[in-house]
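Visitor: Compute the structure for the input listed below.
(chains A, B and C)
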Amino acid sequence: MEQLELLNDRQREAVLHWDSPLLILAGAGSGKTRVITTKIAYLIAEKGMDPRSILAVTFTNKAANEMKTRVLLMIPDAVDVMIRTFHSFGAWLLRRNSHLLDLDSNFKIYDDDDSLALLRQVLEKSRGEKIARDELRRYANYISRAKDKNLFPQDDLRSITTDETFDGYYLLYQERLQQIGNVDFGDLIMRSVELLRRVPEVKRRMQQRFQVVLVDEYQDANTAQFHMLEELHSEDNYLCVVGDEDQSIYGFRGAEVRNILDFPDVFPNTEVIRLEENYRSTQSILQVAISVVQNNRQRLGKKLWTQKDAGEPVVLAILSNENEEARFCAEILQDGNYERTAILYRNNYQSRSFETLFARLHIPYRLVGSLRFVDREEVKDALAYLSLLINPRDEVSFLRIVNKPARGIGKATLSKILQVTRGDFLAACREAADGLSSKAKSGLKSLLLALEELQQLLVASSLDEVIRQLIDRTGLYDFYANKDETEGSTRILNLEELVNASVEYGGGVDALAGLLESLALNSSDEDPFAGDGRVNLITFHNTKGLEFDRVIITGLEDGLFPHYRDNVFEEDLELEEERRLFYVAMTRAREQLYMTTCQMRRVFGIVQNRKASRFLSEIPSEIVKVMTSNSSQPTSESYPAFYEGCGVAHPEYGAGTITKKWYNGQDFMVLVRFSEGRTAKFILKYSKLERVNF
DNA sequence: GTTAAAGGATTTTTT
DNA sequence: ATCCTTTAAC
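Guide: All right, here's what the predicted structure looks like:
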């Protein structure tokens, strides 16, 4: 197979390895995806394996899709290889065995919002009082962590929390979920493990079908996922995991670095192969990245190296505030190489200063994975109606839409309905309708009528037609169309987008279940691989598995990154995870790496003094080029550009002229007379003034 | 039961 | 600074 020729010795060894379990420790940029895809191709082409007998598991849909594409390029036959995320594999397994766990085969996957809503219902009913959101979120988080650890309500939950009321709440939640017949994210893994353990026949079938199990990004596997692999593995099949302990960044959601560290102990006769040659980054970038990550203690240790040249030096820019940070990025982007560049930040909200400036300067940008399509209010509304068509017991969906748009069904009416319900909420509505006020009654009737019509349409027509009718018949269209103009029209557009997305699914209940699953599991809709001329704005976490020619890591300030609350790390482990996150961010860069830190930043609307990130002190000063506001080329021009008599514009006050400029010993000040007549004084550095020519 | 005003909380990171 | 929830008024 000619692809083998393209590999280095280590990589080829990993591809050819067979018989015992294999752990590939693959450093950043060491060609890990190439190794996995080539291995799959090799197994099919050279070893004559049936594509159906190969299972490859990843963590993100992005990774799964890329893997699939690359395998297909090598081997067209590979369409039958099962390449999925852990969660999507779990959904597949549970759906075809749903009867064994008393689930509806068209179960809906509750996202975090839905779970929270259900938990609220359950807890408020149990305690008979309103529950504060904080408390609710804490319990929801406990439930997620318990499921990450494969712990059921009956298990010993002391490793999750010492709060003894939690056990009961978890049990109530889980029972309610079971009654409804739906699952949440955690269940996709935990209940799959349950299925494999409880029904030996299913386990045997899976072990026989999947002769090869490959796992990517194994450092991010949680305990439940580990158990899932354990159940899928047998003496007769082949298990191979790939990962990098230095890139484990999902501890907060249950990832266990120990999984990868302990792999050789858990699976006897494991062979370990290290991939240490980096093909992505320049010498300079790699050097900086290594200088930081080597301060971690939780490592197996690798010696990453590259044949590449030193390349451009890594740049650290010390800037005054977040607006200047955005300007610094804009300067770099002046060469127009937008799509080759990524701007990285720790927290989603940090994207705002970039968005504001880029919109003004007409720099096209792509915001990766922030406001997700399925999280939009109007989309969730439509999906709730759809979910109810499949499952009238879906409490969360029912409560969401019963009075949205408003139909005169308020608290009083709702409690009457809830009193007579025995699970099926639509039946309960019919039952309760007679004893209601005429307003509530007619509102309820119109809702039921619309749902009945849609149910008939669902079996008779294509999905896009159902959704089109749904938006109209339920009143969602009018509801959003009557909102203020710009907001209403984007919401309508999103609803239309949902119609478009459904076209390829055909019709019927199964198709609908398929659409809902795909929307639940493929939540990030932006494709970062699409080279469409936009600069990428993206969180550190979201860059996993991606690479860019040019990377700007922003907000390198203590508290922001490493991120912490109350100025303290509870454990060193958290700090180490942050450090790994830095390492991941840096190793995304192929040719040029910039880092920025601000001396001041607006947080909660208040300007704060900031300290540089402690990680920066781990980098030897001779391997970075430091720029400051005053000496750096990109920003030095900003101030001379503002002189007495020149025209300026302010986002709130409009156009004006500088009437006076002076230096107060610390900052440049300007006095501006606006065309509206008012006069205002600004500290130039912090003002939102822009130069304009009249 | 709906809408408007005021007050309070918010900022990790995601399948 | 902005978003969300609670409260007050229609």
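Visitor: lowest confidence element among the helices and strands of chain A?
Guide: helix A:633-636 (a mean of 35; mean pLDDT, DSSP states H and E).
Visitor: Please pull up the helix or strand immediately following it.
Guide: strand A:647-650 (DSSP states H and E).
Visitor: And the residue of chain A that's closest to DNA strand B?
Guide: Closest residue of chain A to DNA strand B, Cβ to the nearest atom of the strand: A:G410 (1.5 Å). (Each C-beta comes from the backbone N, C-alpha and C, glycine too.)
Visitor: ok, that residue - contacts?
Guide: A:N403, A:A440 (Cβ atoms under 8 Å, 6 or more residues apart in numbering).
Visitor: Which strand or helix spans the residue lying closest to A:V79 once chain neighbours are set aside?
Guide: Spatial nearest neighbour of A:V79, chain neighbours left out: A:L72 (6.7 Å); criterion: Cβ to Cβ, 6 or more residues apart in numbering. Using DSSP H and E, A:L72 maps to helix A:61-74.
Visitor: Burial check on the closest residue to DNA strand C within the stretch 551-694 of chain A, number of neighbours?
Guide: Nearest residue of the stretch 551-694 of chain A to DNA strand C, counting by Cβ to the nearest atom of the strand: A:G605, 2.9 Å away. Residues lying near A:G605 (other Cβ atoms under 10 Å) number 5.
Visitor: circling back to that earlier point, ok, now how distant is the residue nearest to A:V79 from A:M206?
Guide: 24 Å (Cβ to Cβ, to the nearest Å).
Visitor: From the neighbour counts alone, determine which of those two ranks first.
Guide: Neighbour count, other Cβ under 10 Å: between A:L72 and A:M206, A:M206 has more, with 20 against 16.
Visitor: hang on, isn't that one packed against A:L232?
Guide: Yes: with contact defined as Cβ atoms under 8 Å, A:M206 reaches A:L232; the gap is 5.9 Å.
Visitor: between these two, what contacts are shared?
Guide: A:L196.
Visitor: Now do the next helix or strand after the helix holding A:L72, average pLDDT.
Guide: Past helix A:61-74, further along toward the C-terminus, the next helix or strand under DSSP H and E is strand A:82-85. Averaged across strand A:82-85, pLDDT comes to 95.
Visitor: neighbouring strands for strand A:82-85, and are they parallel or not?
Guide: strand A:54-58 (parallel) (DSSP bridges).
Visitor: what's the angle from the strand it pairs with to helix A:61-74?
Guide: Angle of strand A:54-58 versus helix A:61-74, following axes from the mean of the first three to the mean of the last three Cα atoms, to 10 degrees, is 140 degrees.
Visitor: Next, the residue in the stretch 351-500 of chain A positioned nearest to DNA strand C: phi, psi?
Guide: In the stretch 351-500 of chain A, the residue that lies nearest DNA strand C is A:R352 (7.7 Å; Cβ to the nearest atom of the strand). Per-residue torsions, A:R352: phi -60, psi -50 (degrees, to the nearest 10).
Visitor: Could you check how many residues crowd around it?
Guide: 14.
Visitor: now swap in A:N347 and tell me
Guide: Going by other Cβ under 10 Å, the residues that sit close to A:N347 add up to 12.
Visitor: isn't it right up against A:H541?
Guide: No: the criterion here is Cβ under 8 Å, and A:N347 misses it with A:H541 at 10.1 Å.
Visitor: Identify the residues contacting A:L157.
Guide: A:L157 touches A:Y142, A:A146, A:L151, A:F166, A:D167, A:Y170, counting by Cβ under 8 Å, 6+ apart.
Visitor: what comes up buried for stretch A:350-360?
Guide: A:Q350, A:S351, A:S353, A:F354, A:L357, A:F358 (16 or more other Cβ atoms under 10 Å).
Visitor: In CSV: these, plus distance to A:V292 and secondary structure.
Guide: Listed next are these as CSV, based on distance: Cβ to Cβ, whole Å; DSSP: H, G, I helix; E, B strand; the rest coil:
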residue, distance to A:V292, secondary structure
A:Q350, 20, helix
A:S351, 24, helix
A:S353, 25, helix
A:F354, 24, helix
A:L357, 29, helix
A:F358, 29, helix
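Visitor: And these, which is closest to A:A63?
Guide: Of all the buried residues of stretch A:350-360, A:A63 sits closest to A:S351, with 22.8 Å by Cβ to Cβ.
Visitor: how about the strands in the stretch 201-350 of chain A?
Guide: Under the criterion DSSP state E, counting those that start in this stretch, strands of the stretch 201-350 of chain A are mapped to A:212-215, A:238-243, A:271-275, A:314-319, A:341-345.
Visitor: for DNA strand B, what are the nearby residues on the stretch 351-500 of chain A?
Guide: A:G369, A:N403, A:A406, A:R407, A:G408, A:I409, A:G410, A:K411, A:A412, A:T413, A:K439, A:A440 (Cβ under 7 Å from any atom of the strand).
Visitor: Please indicate which of those residues are buried?
Guide: Buried among those (16+ other Cβ under 10 Å): A:G369, A:N403, A:R407, A:G408, A:I409, A:T413, A:A440.
Visitor: where's the dip in pLDDT among those residues?
Guide: A:G369 (71).
Visitor: Helix, strand, or coil at that residue?
Guide: What DSSP: H, G, I helix; E, B strand; the rest coil gives for A:G369 is coil.
Visitor: how close does the residue of the stretch 551-694 of chain A closest to DNA strand C get to A:S351?
Guide: 17 Å.
Visitor: Flag the shaky bits of the stretch 351-500 of chain A, pLDDT-wise.
Guide: A:370, A:484-487 (pLDDT under 70).
Visitor: Strands along that one, start to end?
Guide: Under DSSP E, counting those that start in this stretch, the stretch 351-500 of chain A gives strands at A:365-367.
Visitor: Please, where are all the helices along it?
Guide: A:351-361, A:377-390, A:395-401, A:411-420, A:425-432, A:438-460, A:463-473, A:476-481, A:485-502 (DSSP state H, counting those that start in this stretch).
Visitor: Turn the ones you listed into a markdown table, columns for distance to A:L671.
Guide: Shown next, in a markdown table, are the helices of the stretch 351-500 of chain A (distance: least, Cβ to Cβ, whole Å):
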| stretch | distance to A:L671 |
| --- | --- |
| helix A:351-361 | 24 |
| helix A:377-390 | 45 |
| helix A:395-401 | 54 |
| helix A:411-420 | 56 |
| helix A:425-432 | 65 |
| helix A:438-460 | 60 |
| helix A:463-473 | 54 |
| helix A:476-481 | 46 |
| helix A:485-502 | 35 |
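Visitor: Point out the most buried one among the ones you listed.
Guide: Comparing those by mean neighbour count (mean count of other Cβ atoms under 10 Å), helix A:395-401 comes out on top with a mean of 23.
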